[in-house]
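K.L.:
turn this into a structure:
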Amino acid sequence: MTSVPDHETYRRRAARVLLLDAAGRVLLLRCLLDPEHPDAGHCWAVPGGGVDDGESLRQAAARELHEEVGLLVDPDELGEPVALTTGYANLGWAEGLFRDDFFCLRVDTHVVDTSAMEPLERGSHAGYRWWPVDELASTDEIVYPYELAPLLADLLVGSHQGQPVELPWHH
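P.N.:
As a prediction, this is how the structure comes out:
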């Protein structure tokens with residue numbers, strides 16, 4: 001099982017899921033950059049969030065999938081992380097070294113249900129979309145993590161194996 005380093009190393013750990021459907025599309029959530037000023041813009045992000053004390057990365061990723069998109073999965077179905085990104089951020093509510101670990105899960109289809117989102121998530125949520133990888137690769141929209149499209153292309157053809165890919169930090 002993937003273990004989570006202690007909080008002395010990272011200010012915040014997050015577990016995220018690259019959710020791919022049978023058509024090879026990835027589910028991204030549209031998030032407001034500043035919920036108090038919706039006209040400040042938005043970004044697209046992979047479902048997931050912070051790891052709670054005592055949780056493994058897989059448990060956190062499974063919990064976040066349920067909260068954010070209404071998908072119930074057994075944490076063991078997530079396997080090992082396929083990518084990670086780490087870096088410094090000052091998000092107002094937290095400052096320091098952050099790390100996000102990404103799992104990949106394939107589903108035939110899924111009807112998104114955001115009714116279990118926590119208040120903070122609900123406040124910044126502005127929709128969702130199933131993105132084809134080719135559109136993701138050519139969009140001018142802000143997408144986190146960076147370099148998501150090449151990673152997804154590799155995952156879809158089965159050429160990614162072994163150690164997690166390190167993606168560039170996004171702040």
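
K.L.:
buried ones in the helix or strand bottoming out on mean pLDDT in the chain?
P.N.:
None of the helices or strands of the chain scores lower by mean pLDDT, DSSP states H and E than helix 119-124, at a mean of 80. Residues 121, 124 are the ones in helix 119-124 that count as buried (16 or more other C-beta atoms under 10 Å). Yep, even glycine has a C-beta here, placed from its N, CA and C like the rest.

K.L.:
determine the longest strand present in the protein.
P.N.:
In the chain, with assignment by DSSP state E, the single longest strand is strand 95-106.

K.L.:
partners of that one, with directions?
P.N.:
strand 12-20 (parallel), strand 83-90 (antiparallel) (DSSP bridges).

K.L.:
buried ones in it?
P.N.:
Buried residues in strand 95-106 (16+ other C-beta under 10 Å): 98-105.

K.L.:
nearest to residue 116, of the strands paired with strand 95-106?
P.N.:
strand 12-20 (15.0 Å; C-beta to C-beta).

K.L.:
buried residues in the closest one?
P.N.:
Result for strand 12-20 [16+ other C-beta under 10 Å]: buried residues 12-20.

K.L.:
go on, stretch 32-44?
P.N.:
Quick answer for stretch 32-44 (16+ other C-beta under 10 Å): 32, 42-44.

K.L.:
quick revisit: what's the mean pLDDT across the longest strand of the chain?
P.N.:
Mean per-residue pLDDT for strand 95-106: 92.

K.L.:
any regions of the chain where pLDDT drops low?
P.N.:
Low-confidence segments of the chain (pLDDT under 70): 1-8, 171.

K.L.:
quick one: the helices in the protein?
P.N.:
For the chain, the helices defined by DSSP state H occupy 57-69, 119-124, 133-138, 148-157.

K.L.:
residue 149 and residue 155: what is the separation?
P.N.:
11 Å (C-beta to C-beta, to the nearest Å).

K.L.:
which of the two has more residues huddled nearby?
P.N.:
Using other C-beta atoms under 10 Å as the criterion, residue 149 and residue 155 rank with residue 155 on top: 22 against 19.
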